[in-house]
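>>> The amino acid sequence is not available; the structure is as follows:
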Ligand SMILES: Nc1ncnc2c1ncn2[C@@H]1O[C@H](COP(=O)(O)OP(=O)(O)OP(=O)(O)O)[C@@H](O)[C@H]1O
Ligand SMILES: [Mg+2]
């Protein structure tokens, strides 16, 4: 257990007591990551990451470009399985079960851990079919259930009023912000426990961005959300916890309020104050 | 090579006085000339075929266009005592349609399956092995396909199913083999050009690979796959030599897979040497060429129709 020392300082404090000692850990985490290393062929992209993700909170991942944020969240739904030559070491537990265990069905895992991508990627299908895609591939056929899910998910994604009259038209005719909310609705429709968002607003205008931020705030408490963002204000606005990554390592992790007011590490402070470089 | 001048102003000045200017101007004239030449050649050829093709319908004994298209009575050398020559091409038209239709029916599913294999399932083997092989196959001259069909396929059909072996089936199989690489290449391009985000989006929602392929990738690539299929159809429709070698060339409606028959192209190649320039028979062959041109043009229109719609979709990704 050579990483003990690091692990303790990097674990976030107990949510109730933001200013308490760094040794305190999150009670009842939904995801526990231990000593995670990831290699793309020979180059190491993640270095000994250990952290706990709190249940039904928003956790923001920040850090300069190329530091491994996307790589990290793609580990959580095993999207990196799709890439050749990726090697993963360490342990990722979802509700206590190792997601790399042979008994874990990766399809079932991806239903529990949904994902919203940086660039919206609706399928070239109708709005309706986009939302229920996850149910369709799971074999759900009952019309009533599908209809209900479409309405519920679109309402949840704050899109229902805008599209309720054109559910059966192609999703490709929507604005970028609408398409991104559709992708959120699509992720919500399969009732995941965790939603991973990789820079969901980086290609959106300020108005659409604030709509999505509002949405994230509304969804918290119901889902565990992990969001990658380059926007410090956004991390500060929407998240409960913040993790700062640098060159594949987790530098600092804690309550967002604490990280943004009293960062413990010089690197973190430089990055969030924009003095990075 | 002179050093690059620092400002836009001096670029203009030095360009005017240098070989750069000459190259630009000459190059542009040359390209324009070639372009014009191509247009001129095409227009001339279309005009020529149209002129020759319409000759049968004019003159002292005009052929009825309706009879030409819809009569199955083809007796180009019948004497006056037999009721005079008959130039109904329905038999050949239906022959062409059925042999190229059969070829597409046989080739398209295989080609699409192969393109899925190459682009999604085994991309590395696809690029290193299947692609080069496909390109090789597209380059094989049609006479080789015909020869292989004649020496392997025709005897095989004769032994297995009886009959002559020369048949619609033989023609369809040879054509299918010929257009398989074309359709596969275009379908593979269509699938490979889809944004990877579609694939990831589908997997991220818990779809399996097969679900992703048939629910997302194939529908998204469909317009371009259809272009490939239509191009294959066009090639099959216009192919003469290989078909003529194995199809048997009897004047009969395509009533069975195992019977010999004829196509527009095969009858043109068979008969063109036997006819006298300006005779009714010769004119009828020209009219069939015109018909072939018109049908090919129709296919191109279909392809163009499919095209823009596809790019419209593509722009949204
Ligand atoms: N598929 C891949 N193959 C090889 N190397 C990769 C691959 N994806 C990412 N990397 C490398 O891994 C490192 C981490 O990349 P990652 O995309 O996780 O960074 P990021 O923090 O998300 O960056 P950004 O903020 O720019 O999105 C980078 O050095 C990157 O070049
Ligand atoms: Mg990233």
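Cool, got the structure. Since the structure is predicted, the reported quantities are computational estimates derived from the model, not experimental observations. Ligands and ions are numbered 1, 2, ... in the order given.
>>> same for the strand or helix carrying residue A:214, what does it pack against?
Residue A:214 is located in helix A:206-219, with elements delineated by DSSP states H and E. In terms of contacts (3 or more Cβ pairs under 8 Å, 6 or more residues apart in numbering or on different chains; DSSP states H and E), helix A:206-219 is packed against helix A:176-189, strand A:224-228, helix A:232-238. All C-beta spots, glycine's among them, are computed from the backbone N, C-alpha and C.
>>> quick one: low-confidence parts of chain A?
A:1-25, A:276-277 (pLDDT under 70).
>>> quick one: the helices in it?
Ranges of helices within chain A are A:4-10, A:69-76, A:106-112, A:127-131, A:133-137, A:143-156, A:160-163, A:176-189, A:206-219, A:232-238, A:256-261, A:266-272, based on DSSP state H.
>>> do the fourth one and chain B meet?
To tie it back to what came earlier, the one meant is helix A:127-131. No. Helix A:127-131 lies out of reach of chain B by Cβ under 8 Å from any Cβ of the partner chain, never closer than 9.1 Å.
>>> Give me the three-state assignment for the residue of the stretch 1-150 of chain B found nearest chain A.
With Cβ to the nearest Cβ as the measure, residue B:124 is the residue of the stretch 1-150 of chain B nearest to chain A, at 8.2 Å. Following DSSP: H, G, I helix; E, B strand; the rest coil, residue B:124 is assigned to helix.
>>> What is the neighbour count of residue B:123?
14 (other Cβ atoms under 10 Å in any protein chain shown).
>>> ok so, going back, any chance of the helices of chain A in CSV, plus mean neighbour count?
Formatted as CSV, the helices of chain A follow (neighbours: other Cβ atoms under 10 Å in any protein chain shown):
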stretch, mean neighbour count
helix A:4-10, 14
helix A:69-76, 24
helix A:106-112, 17
helix A:127-131, 25
helix A:133-137, 22
helix A:143-156, 16
helix A:160-163, 16
helix A:176-189, 25
helix A:206-219, 17
helix A:232-238, 19
helix A:256-261, 19
helix A:266-272, 17
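>>> picking up where we left off before, go through the helices and strands packed on helix A:206-219 and name the closest to residue B:72.
helix A:176-189 (55.7 Å; Cβ to Cβ).
>>> Please see if the closest one touches chain B.
Yes. Using Cβ under 8 Å from any Cβ, helix A:176-189 comes into contact with chain B via A:183, A:186-187.
>>> how far does that helix sit from the chain's center?
With Cα atoms, centre = their mean, to the nearest Å as the basis, helix A:176-189 stands 14 Å off its chain's centre.
>>> elements contacting that helix?
Taking 3+ Cβ pairs under 8 Å, 6+ apart as the contact cut, helix A:176-189 packs with strand A:113-116, helix A:127-131, helix A:133-137, helix A:143-156, helix A:160-163, strand A:194-198, helix A:206-219.
>>> Kindly recompute the last result at 6 Å.
Contacts defined by 3 or more Cβ pairs under 6 Å, 6 or more residues apart in numbering or on different chains; DSSP states H and E place helix A:176-189 against strand A:113-116, helix A:127-131, helix A:143-156.
>>> mind checking which of the ones you listed is nearest residue B:103?
helix A:127-131 (34.0 Å).
>>> got the contact list for that closest one?
A:122-123, A:150, A:153, A:163, A:167-168, A:171, A:182, A:185-186, A:189 (Cβ atoms under 6 Å, 6 or more residues apart in numbering or on different chains).
>>> before we move on, what about stretch B:150-165?
Counting by Cβ under 6 Å, 6+ apart, B:166, B:169-170, B:173, B:245-246, B:258, B:260 sit against stretch B:150-165.
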